[in-house]
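Q: Next one to model:
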Amino acid sequence: MDGGDVCKAHDLFQKFMDVKKMELFQGTPTAEQDSMSMQIGFFNAYTLTQCNKDDKQGAIAAYEAIKDVPFRQNDVYQLLAQSYVQAGDTAGFLRTLDEGIKLFPEENFYLFNKINILIQEGRHEDAKAYLDQAISANPDNKQLYFVLANVYEQGFKDMANAEEAFNKALSIDPEYAEAMLGLGRVYFNQGANIQSEANAITDEAQYKAKVDEAKVFFQKALPYFEKAHQLKPDDVDTVDYIKSISFRLRDEPGMMDKYNEYNELLKKMKGLE
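A: Numbers count the residues shown, from 1 in each chain. Okay, the predicted model is just below:
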């Protein structure tokens, strides 16, 4: 259906809705809401937003008018939330997410978007509170543990709890590539921080001890990145991590060969060859 067809469809849907609102039919069965009028109300709003995509406020008004109608209500709330985003109305977006969380507690769209907003605003305690509540209701949801791990890692800089949450996600789904990448990153970054500390040490014995401490974390990280690469071979970041770790462990058997292999792979992936 092209733009013209959508607009024609909207005109027909709107005429149906207008007839039902006519004073002539008030108090009669014609004006009552039935299954057909609920369906037409939905498609009337949807075709309006598709016919004139620049009319952000019109889209919001159309979905607001039918959000309480019990027909595809979850879809309406998601479309309304997206319309607020397109209009740049953060307050309306958050209000719609809060309403959606209450109405559709099993739908991740509202909760995850709410948590993302809280994280972007630096409200990590609030984000964690929402996640704890969601995990209590859905203890087998791997995505909730994954998001919680990221809040710990990036928000609180708490690597121990981040590690625990990533591991919990992997216990639910051992093939969860994103959680493997996250856990590998947690170990890698700890190793990189210790390596930076080592670089500031002038005493040779102390320097070597610190470097060895960093290597433990790089060795822990490598299997997770390798497994993530098997599951998502086109992910450039994973290949870059494996290349970097291989170089940092280059004194160990086979690591320079691994470095050369992944260095060449990375060049191809980036179009440098």
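Q: most centrally placed residue in this structure?
A: Central residue of the chain (C-alpha atoms, centre = their mean): F112, 6.6 Å from the mean position.
Q: Spell out, range by range, the helices that occur in the stretch 51-200 of the chain.
A: Along the stretch 51-200 of the chain, counting by DSSP state H, counting those that start in this stretch, helices occupy 56-66, 73-86, 90-103, 108-120, 124-137, 142-150, 159-172, 177-199.
Q: tell me the most buried of those?
A: Of these, the one with the most neighbours on average (mean count of other C-beta atoms under 10 Å) is helix 142-150, at a mean of 23. C-beta: built from backbone N, CA, C; applies to glycine.
Q: for the protein, which spans come out with low pLDDT?
A: For the chain, the stretches with pLDDT under 70 are 1-55, 71, 273.
Q: Tell me the secondary structure of D251, please.
A: Following DSSP: H, G, I helix; E, B strand; the rest coil, D251 is assigned to coil.
Q: Now it. Its backbone dihedrals?
A: Main-chain dihedrals, D251, degrees, to the nearest 10: phi -80, psi -10.
Q: count of neighbours near it?
A: Neighbour count of D251, defined by other C-beta atoms under 10 Å: 9.
Q: can you start the count at 549 instead of 1 from here on
A: Noted, 549 is the first residue going forward, which turns the last one into D799.
Q: I649 and F660 touch, don't they?
A: No. With contact defined as C-beta atoms under 8 Å, I649 does not reach F660; the gap is 10.3 Å.
Q: Turn the helices of the stretch 599-748 of the chain into CSV, including distance to V759.
A: What follows is the helices of the stretch 599-748 of the chain, written out as CSV (distance: least, C-beta to C-beta, whole Å):
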stretch, distance to V759
helix 604-614, 56
helix 621-634, 47
helix 638-651, 47
helix 656-668, 34
helix 672-685, 33
helix 690-698, 28
helix 707-720, 19
helix 725-747, 5
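Q: Skipping its backbone neighbours, what lies nearest I665 in space?
A: Distance criterion C-beta to C-beta, 6 or more residues apart in numbering; nearest residue to I665, sequence neighbours excluded, is L642 at 6.3 Å.
Q: wait, that neighbour sits on I663?
A: No. Using C-beta under 8 Å, L642 makes no contact with I663, being 11.6 Å away.
Q: Extract the C-alpha set from stretch 611-623 and format it as CSV.
A: This file holds the C-alpha atoms of stretch 611-623, laid out as CSV (Å, rounded to 0.1, in the frame of the first residue of the first chain):
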residue,chain,number,x,y,z
TYR,A,611,-3.1,7.3,19.8
GLU,A,612,-4.0,9.1,23.0
ALA,A,613,-7.7,9.1,21.9
ILE,A,614,-7.8,5.2,21.6
LYS,A,615,-5.2,4.1,24.2
ASP,A,616,-7.9,3.0,26.6
VAL,A,617,-9.8,1.0,24.0
PRO,A,618,-9.4,-2.8,24.6
PHE,A,619,-8.2,-3.6,21.0
ARG,A,620,-4.5,-4.1,20.4
GLN,A,621,-3.9,-1.9,23.4
ASN,A,622,-0.3,-3.0,23.8
ASP,A,623,0.4,-2.0,20.2
